[in-house]
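> need a 3D model of the sequence below.
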Amino acid sequence: MNGAVLQAALEGREHADQVRRLLSRDWHMLIDGTLRAASNGQTFETIDPFSLQPIARVPSATPEDVDAAVTGADSAREAWRQKTAMERARYVLDFADLVEHHGDELALLDAVDAGSPIVNARHDVKVALDQMRMYAGLALEMKGQTIPASNALHLTVREPVGVVAKIWPYNHPLMFFCRIAAPLVAGNTIVAKPPQTAPLSPLALAELAAEVFPPGVVNVVVGSNSEVPDRIVRHPAIRRIGFIGSEPTGRLIQRTAAESAVKHVTLELGGKNAMVVFPDSDVEQAAIGAVNGMNFTWSGQSCGSTSRLLVHKDIHDDLVKRVVELVEERRLDDPLSEVSQQGTMIDRAQYEKSLNYIEQAIAEGATVVTGGGRPEGARFGHGLFIEPTVLTGVTPDSTIGQEEVFGPVLSVIPFDDEAEAVAIANGVDYGLTASVWTRDLQRAIRVARTFEAGFVWVNGSSTHFSNVPYGGVKGSGVGGKEECLEELLSYTEEKVINIL
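Reported below is the predicted structural model:
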């Protein structure tokens, strides 16, 4: 057995060992300070997208479990809001320290459960820690103001909303869980609903939260069907909902929430984001930016991916050639492999959906220049792998030119001039991110200002920055920005006090 084959065998054995270990342990929800099973004892199975084997049975919550979680959060909220902002921040910092201590274990859960490459799952832990500590550091920035008056005093104060629901998707299960830091620092209590397709790291985090926070402050429920999120969204005691996920689900949450009460809902949704490359750009750097911006590392399962590469016709062929070379150098492998640069799709439904989009693109006239299907080789005999794919000949009004794939598919669209590029970039229902590449600073600013997008890079892609607002416009989001002070303030309500 040669070295490469032996290494693959050892890695495969390690993966199987980790799956067996997860199967052997019990998983619980966190409701009102108690780690517990579902009230009816029901569980559901989670599947490893690499081995396609069951890895755990987790509680399948009932609407009654949701009610218990909300009751616990409601009972805890007065004592929690009475703590000073610095006291609440201290709890969040203690939780962050505990997450850091268990960071390797948590990253492993995301690798096995969500198919994320282990190196990048560890990076998610780091990002989560940075964000939690950032929000703790912003605790004293929840400031009011005074308004001048001759014979009176008018002032404003920031107060917590109450019980907050957080619902998020499968692409960053751990990192998105840790977004509970903002509403907690603001003085709210939480009912969290992790993704059913990748619940393990959130349930492990629930166990850690039980060690840190007072009972009822953090509650975590997970279910195998729509009953759980529907009950959360409709519950009259939940006055604030923060959702990350798909645009159709976001619209459903808006409608459902409005049927039960007037609620503050923030939605961070999908994108069909454009990266526009002008002919004066550095082709090498733009190619690297295009590959990074597509987030192939997450198999394209990222709402901010610049999945439309708009290239000026003068450099189209050169840029595409270099992008293809970089894409073909990427290594797909077992998510637990330290050399894996791209893992799996989350589940068979998303796997087949992405392949169907590729087939439809071909039927509508696109050409696959690399990828386009399942990778070949012995190590891909199982697992929900899709090759990183680059399509040319994509038209702006085609299906794949308009709709979010949420898979590793980069569509290249040529353009002739700036006006056409901006029109194509803005010609979709989404508006999350955008990127412009040029050496002309005036054009960079002009195009960036013209983009209908909430987060724009100039000569960059993919990267997020601490305390820099992130969020979209149009069909990509509403209700406020995230990852910044604005998110923290969005979990408060402004009260005006007039002293006469």
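> how much space separates the residue most central in space within the chain from D65?
In the chain, the residue lying closest to the centroid (C-alpha atoms, centre = their mean) is H172, at 5.1 Å. Here H172 is placed at a distance of 25 Å from D65 (C-beta to C-beta, to the nearest Å). The C-beta positions use only the backbone N, C-alpha and C, and glycine is treated the same way.
> for I386, same thing?
With distances taken as C-beta to C-beta, I386 is found 36 Å from D65.
> tell me the contacts of S490?
Counting by C-beta atoms under 8 Å, 6 or more residues apart in numbering, S490 makes contact with 182, 264, 266, 479-480.
> format those residues as CSV; extra columns: pLDDT, distance to R122 and secondary structure.
As requested, the contacts of S490 are exported to CSV (pLDDT from 0 to 100; distance: C-beta to C-beta, whole Å; DSSP: H, G, I helix; E, B strand; the rest coil):
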residue, pLDDT, distance to R122, secondary structure
A182, 99, 23, helix
H264, 96, 34, strand
T266, 97, 28, strand
G479, 90, 31, coil
G480, 89, 30, coil
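> so which of those residues wins on neighbours?
Among the contacts of S490, the one with the most neighbours (other C-beta atoms under 10 Å) is A182, at 29 neighbours.
> hmm, L489 and that residue touching each other?
No - using C-beta atoms under 8 Å, A182 is not in contact with L489; the gap is 9.1 Å.
> tell me who's in contact with the residue nearest to the centre of the chain.
110, 124.
> cool, E325 as well?
Taking C-beta under 8 Å, 6+ apart, we find E325 in contact with A287.
> secondary structure element for it?
Element membership of E325 [criterion: DSSP states H and E] is helix 316-329.
> output that helix as CSV, restricted to C-alpha atoms.
The C-alpha trace of helix 316-329 is given here as CSV (Å, rounded to 0.1, in the frame of the first residue of the first chain):
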residue,chain,number,x,y,z
HIS,A,316,-12.7,37.6,-20.6
ASP,A,317,-10.7,34.7,-22.0
ASP,A,318,-7.6,35.4,-20.0
LEU,A,319,-9.5,35.7,-16.8
VAL,A,320,-11.6,32.6,-17.3
LYS,A,321,-8.5,30.6,-18.2
ARG,A,322,-6.8,31.6,-14.9
VAL,A,323,-10.0,31.1,-12.9
VAL,A,324,-10.3,27.5,-14.3
GLU,A,325,-6.6,26.8,-13.4
LEU,A,326,-7.1,27.9,-9.8
VAL,A,327,-10.4,26.0,-9.5
GLU,A,328,-8.8,22.8,-10.8
GLU,A,329,-6.0,23.1,-8.2
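> for the helix or strand just after it, name the packing helices and strands.
Sequence-wise, the next helix or strand downstream of helix 316-329 (DSSP H and E) is helix 348-363. Contacting helix 348-363 under the criterion 3 or more C-beta pairs under 8 Å, 6 or more residues apart in numbering; DSSP states H and E are the following elements: strand 389-392, helix 399-402, strand 409-415.
> mean confidence (pLDDT) on the longest one, please.
Confidence over strand 409-415 (mean pLDDT, whole number) is 99.
> so K166, which of the three states?
Per DSSP: H, G, I helix; E, B strand; the rest coil, the local secondary structure of K166 is strand.
> residue contacts, it?
Contact partners of K166, counting by C-beta under 8 Å, 6+ apart, are 176, 179-180, 183, 190-193, 241-242.
> show residues contacting the helix or strand containing V70.
Here V70 sits within helix 63-82, counting by DSSP H and E. Outside helix 63-82, the residues that touch it by C-beta under 8 Å, 6+ apart are 29, 31-33, 38-39, 59, 88, 159-160, 162-163, 187-191, 214-217, 219-221, 227-228, 231-232, 235, 237-238.
> so how far is that helix off the chain centroid?
Computed by C-alpha atoms, centre = their mean, to the nearest Å, the chain-centroid distance of helix 63-82 equals 26 Å.
> list the buried ones in that helix?
63, 65-74, 76-77, 80-81 (16 or more other C-beta atoms under 10 Å).
> equivalent analysis for stretch 380-398, please.
For stretch 380-398, burial by neighbour count (16+ other C-beta under 10 Å) applies to 383-396, 398.
> check which element follows the helix or strand of the chain with the lowest mean pLDDT along the chain.
Lowest by mean pLDDT, DSSP states H and E among the helices and strands of the chain is helix 3-23, with a mean of 64. Downstream of helix 3-23, the first helix or strand assigned by DSSP H and E is strand 29-31.
> residue ranges with poor pLDDT in the protein?
For the chain, applying pLDDT under 70 flags the ranges 1-13.
> residue most distant from the centroid, it?
Here the chain reaches farthest from its C-alpha mean at N151, the gap being 50.2 Å by C-alpha atoms, centre = their mean.
> where does it sit: helix, strand or coil?
Applying three-state DSSP to N151 yields a three-state assignment of coil.
> may I see the buried residues of whichever strand or helix holds Y91?
Y91 belongs to helix 85-101 when assigned by DSSP H and E. The neighbour-count check on helix 85-101 (16+ other C-beta under 10 Å) flags 85, 88-89, 91-93, 95-96, 98-100 as buried.
> so which of those residues comes closest to A444?
When those are compared for distance to A444 (C-beta to C-beta), A96 wins out at 36.6 Å.
> just give the number of residues close to the nearest residue to the closest one once chain neighbours are set aside.
Leaving aside its sequence neighbours, A96 sits nearest to M132 (C-beta to C-beta, 6 or more residues apart in numbering; 4.2 Å). M132 has 25 neighbouring residues, counting by other C-beta under 10 Å.
> how near is M132 to L93?
The spacing between M132 and L93, counted by C-beta to C-beta, is 8 Å.
> so I190 sits right up against G216, yeah?
No - with contact defined as C-beta under 8 Å, I190 does not reach G216; the gap is 9.5 Å.
> show me this structure divided up by domain.
16-269+478-499, 274-466 (automatic domain parsing).
> need the strands for the stretch 401-500 of the chain, in chain order.
For the stretch 401-500 of the chain, the strands defined by DSSP state E, counting those that start in this stretch occupy 409-415, 433-437, 455-458, 477-478, 492-499.
> counting by contacts, list what the third one packs against.
Looking back up the chat, that one is strand 455-458. On a contact count with 3+ C-beta pairs under 8 Å, 6+ apart, strand 455-458 meets strand 433-437, helix 441-450.
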